[in-house]
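Enquirer: Requesting a structural model of the entry that follows:
(one chain, ligands or ions: 1)
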Amino acid sequence: MRIILLGEPGAGKGTYSSELVKKFCIPQISTGDMLRASVKAGTPLGRQAQEFMKKGELVPDSVVIELIRERIKEGDAAKGFILDGFPRTLPQAQSLDKMLLSMDISLSAVIKIEVGKAILLKRLTGRRVCKGCGATYNVDTMKPKKEGVCDKCGKELVQRPDDMPQTIENRLAVYQKDTAPLIEFYEKKGLLRPVQCEGEYKDVLGRLFAALEKVAKV
Ligand SMILES: [Zn+2]
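Expert: Coordinates of the predicted model:
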């Protein structure tokens with residue numbers, strides 16, 4: 001089961017990834033985490049990535065693709081993986097495709113998490129982060145015991161500039177623009193599985209698993 005999860009900021013990719021990890025016993029591969037880990041470990045790819053990061057440049061797709069290639073060769077990914085945070089653009093999706101093809105494997109499905117804009121806005125604007133330990137809260141869904149104060153370390157909770165309404169509108173617009181061609185690409189390949197992710201959590205999970213069970217049987 002080789003899955004890509006697509007979804008807007010605030011759509012719940014992290015939450016659903018961890019559910020899929022449990023359900024299918026496959027690892028979640030986050031390119032952001034892998035980059036940081038490889039830089040820290042000083043691997044050849046990590047050192048390459050660091051050169052770009054030092055200059056304040058984006059790490060090229062080719063380096064990220066090689067990181068993914070190395071990662072999916074590891075034993076725990078033999079049954080599959082969930083790719084999180086990559087691809088974000090059409091060229092990235094195309095390079096990923098080529099790389100997988102060269103390993104003689106292919107994607108099983110691309111899950112598109114569908115959540116209405118009103119809910120995304122509410123979730124994102126409600127997010128609060130602790131200035132001390134970085135713990136995250138939500139004024140609607142994950143309130144601290146005392147308003148504006150971190151449960152874990154007692155420091156002040158703040159709203160990141162990223163989570164201000166104007167910035168969020170912009171983040172969502174950028175996401176739409178970048179991923180629209182990606183979605184079309186996977187749709188044409190017959191891999192796209194839109195899953196409506198609003199409503200009761202257990203119902204959402206039911207729909208998510210159902211979308212993938214159909215894939216598993218093919
Ligand atoms: Zn804290």
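
Enquirer: hey, which helix or strand in this structure has the poorest pLDDT?
Expert: Counting by mean pLDDT, DSSP states H and E, the chain has its least confident helix or strand at helix 201-217, which shows a mean of 87.

Enquirer: how far does that one sit from the chain's center?
Expert: On the basis of CA atoms, centre = their mean, to the nearest Å, helix 201-217 is displaced by 18 Å from the centre of the chain it belongs to.

Enquirer: Mind giving me the packing neighbours of that helix?
Expert: With contacts defined as 3 or more CB pairs under 8 Å, 6 or more residues apart in numbering; DSSP states H and E, helix 201-217 has these neighbours: helix 13-24, strand 109-114, strand 192-196. C-beta: built from backbone N, CA, C; applies to glycine.

Enquirer: looking at these, which is buried most?
Expert: Sort those by mean neighbour count, taking mean count of other CB atoms under 10 Å, and strand 109-114 sits at the top with a mean of 21.

Enquirer: so what's Ala49 closest to, chain neighbours aside?
Expert: Closest residue in space to Ala49, ignoring its immediate chain neighbours: Val59 at 4.6 Å, by CB to CB, 6 or more residues apart in numbering.

Enquirer: for the one you found, phi and psi?
Expert: Backbone torsions for Val59, taken as degrees, to the nearest 10, come to phi -70, psi 130.

Enquirer: Could you check how far it is from the ion?
Expert: 30 Å (CB to the ion, to the nearest Å).

Enquirer: what are the ranges of the strands in the protein?
Expert: Under the criterion DSSP state E, the chain carries strands at the ranges 2-6, 28-30, 81-84, 109-114, 127-130, 136-138, 157-158, 192-196.

Enquirer: Dump the ones you listed into TSV; add distance to the ion and mean pLDDT as well.
Expert: Putting the strands of the chain into TSV (distance: least, CB to the ion, whole Å; pLDDT from 0 to 100) gives the following:
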stretch	distance to the ion	mean pLDDT
strand 2-6	28	95
strand 28-30	23	92
strand 81-84	25	93
strand 109-114	28	95
strand 127-130	3	94
strand 136-138	9	92
strand 157-158	8	96
strand 192-196	33	96
